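K.L.:
quick one, fold the following:
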Amino acid sequence: MRITNIMVSVDLGAAAADRIQLAAGLAERFGSKLTGIAARPVLGPMPVGDMLEVERVWAIEERLTDEQLAEAKVLFEREAGQAPKTGWRSAPTDPLTYLGAQARTADLVVVGRQGPADGDPGPMAAPTGGLLMEVGRPVLVVPPGVERLAIKRVVVAWKDAPEARRAIHDALPFLGHPEHVCVVAVGPDAQHVGAEGAAEYLSGHGIKATTYLLRKPEIGAADEILRFARREEADLIVMGAYGDSRLREWVFGGVTRDVLQTTAVCCLMSH
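P.N.:
Now for the predicted structure:
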């Protein structure tokens, strides 16, 4: 599997520049096109009351939307210098809907972590959780302050479920020449047989992996995965994203939610 088109979500938050640089570095490594994607809804007032005032405020918001989309394009062009080929797409609309639709031509989507401590990235940020559930592509979640992905030490958080199987398949282009790959099964019900099966799958693709079984009930599974990744000095975690849609809202499993919000390591996730 080749990665020919990487899409990166561009907003005007503090972490956007580093995220674009990281995506550009991946595009250079894989010989891929890098496409910047930005969208911003026009946040105008409801059409009630003084219609002249409504039209005036709406025109201001339209102008602000155009200005911010243009600013995002300048940011992308400035930070995407490493990519061998670039493209740009933007629209005055909902970011999640727009990025989800544009991702039909992508092999990988790069987005920023959006945890409680990460600050407000503004109205141009596509919600990471919703994107994971809808986009139908592997999603690389990048924490703030990470501008390069070496892919030397990789942790695969294994669970014998379709999401994890899809994630490990989607990760194959990233696993060409790592120094160390760990397949980790976590929790009281974890079994070596599943982790060994995942390692055997990787071996069939020329990737040597070591398996680990972690059963520490005193801490949560997400904390255990992240603690293990820190101990191994991993720069990438590969895992499935577990969740479903209820009443138009995405409901995540605890591990997916906690990793999405707190990981200090880039995470390649598939649903």
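
K.L.:
check which element follows the least confident helix or strand in the chain by mean pLDDT along the chain.
P.N.:
Per-element confidence for the chain was summarised using mean pLDDT, DSSP states H and E. The lowest value among helices and strands belongs to strand 249-252, with a mean of 46. Using DSSP states H and E, the helix or strand that follows strand 249-252 in sequence is helix 254-262.

K.L.:
quick one: classify P41 as helix, strand or coil.
P.N.:
coil (DSSP: H, G, I helix; E, B strand; the rest coil).

K.L.:
pLDDT score assigned to the residue nearest to it when sequence neighbours are not counted?
P.N.:
Closest residue to P41 in three dimensions, ignoring its sequence neighbours and counting by Cβ to Cβ, 6 or more residues apart in numbering: D94, at 5.4 Å. (C-beta placed from N, C-alpha, C; glycine too.) At D94, the predicted lDDT confidence score is 95.

K.L.:
and what of I225?
P.N.:
Confidence per residue is given as pLDDT, and for I225 that number is 90.

K.L.:
tell me the contacts of it?
P.N.:
By Cβ atoms under 8 Å, 6 or more residues apart in numbering, the contact list for I225 reads 155, 157, 184, 186, 214, 237, 239, 255, 259.

K.L.:
report the buried residues of the helix or strand harbouring it.
P.N.:
Assigned by DSSP H and E, I225 belongs to helix 221-231. Taking 16 or more other Cβ atoms under 10 Å as the basis for neighbour counts, the residues of helix 221-231 that come out buried are 221-226, 228-229.

K.L.:
need the contact list for the nearest residue to P138 once chain neighbours are set aside.
P.N.:
Counting by Cβ to Cβ, 6+ apart, D170 is the residue found nearest to P138 once chain neighbours are left out, at 3.8 Å. Applying Cβ under 8 Å, 6+ apart, one finds that D170 lies in contact with 1, 138, 268, 270.
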